[in-house]
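K.L.:
sequence isn't available, so here's the structure alone:
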């Protein structure tokens, strides 16, 4: 093997461990009976983030890895040993696919007798992806109220939709958190990424209620949400997340990649 071919491999193996920040966030699910508490680890380095995804009622633990340097989100599934890559191109392909199916329905209906058209149209629509509801309009407001939460000085923000409070956040300045000013780059990059994805989707926000994703709101907060409370339609507390610790830690670059041996699966169908 030529020496020039060995150099890139050697450089990759010798890649330095990156200095990052690790957050521990405790979430209490008040919808569970009795309420269930889980701790999630979030690692940030540069423009990259990694979040643990714990198994819910349907299982499916894994990781959500945001690669701000590549403009993509990687979701891993530990049970299936698979991962998907979510990016703007994938969302545009999904939107194009839905549009193409709608065009096919319109073309096919031209040859259907008037008396049968309504029944055929209904049957064909049932085979299409579900049409998303109107995209929710969320408003983020700094109330000016101050208080101490989890040991941090905070300012209260509320997120409303149609006049109803859906979320309450107690936000501290990035500089109050160990490594916070360094980690801010990754969180704000993810907020921008989520906003771009939302623009690429049809009204409604697409899979998983993207339009109601709290990461999108972070670009409107002057800091990090130490406490986040989500409320249901009746105003009851659904869940509460609290920052329990933040510390600087050396992070191996491999932590921002799918585990070895995991197979990539397409978002739009079989791999």
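P.N.:
Ah, there it is. Owing to the predicted nature of the structure, the values given are computational and were not obtained by experimental measurement.

K.L.:
pull the helix or strand with minimum mean pLDDT from the chain.
P.N.:
Least confident element among the helices and strands of the chain, by mean pLDDT, DSSP states H and E: helix 3-13 (a mean of 46).

K.L.:
just give the strands next to the helix or strand hosting residue 76 in its sheet, each with its orientation.
P.N.:
For residue 76, the host element (DSSP states H and E) is strand 72-77. Using DSSP bridges, the strands paired with strand 72-77 in its sheet are strand 62-67 (antiparallel), strand 82-86 (antiparallel).

K.L.:
could you dump those strands to CSV with mean pLDDT, distance to residue 241 and mean neighbour count?
P.N.:
For every residue, glycine as well, the C-beta is placed using N, CA and C. Listed next are the strands paired with strand 72-77 as CSV, based on pLDDT from 0 to 100; distance: least, CB to CB, whole Å; neighbours: other CB atoms under 10 Å:
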stretch, mean pLDDT, distance to residue 241, mean neighbour count
strand 62-67, 93, 15, 21
strand 82-86, 91, 22, 18
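
K.L.:
for the ones you listed, which one sits closest to residue 232?
P.N.:
strand 62-67 (23.8 Å; CB to CB).

K.L.:
for the strands paired with strand 72-77, give me a markdown table that also has distance to residue 263.
P.N.:
Shown next, in a markdown table, are the strands paired with strand 72-77 (distance: least, CB to CB, whole Å):
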| stretch | distance to residue 263 |
| --- | --- |
| strand 62-67 | 13 |
| strand 82-86 | 5 |
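
K.L.:
and of those strands, who's closest to residue 214?
P.N.:
strand 62-67 (13.3 Å).
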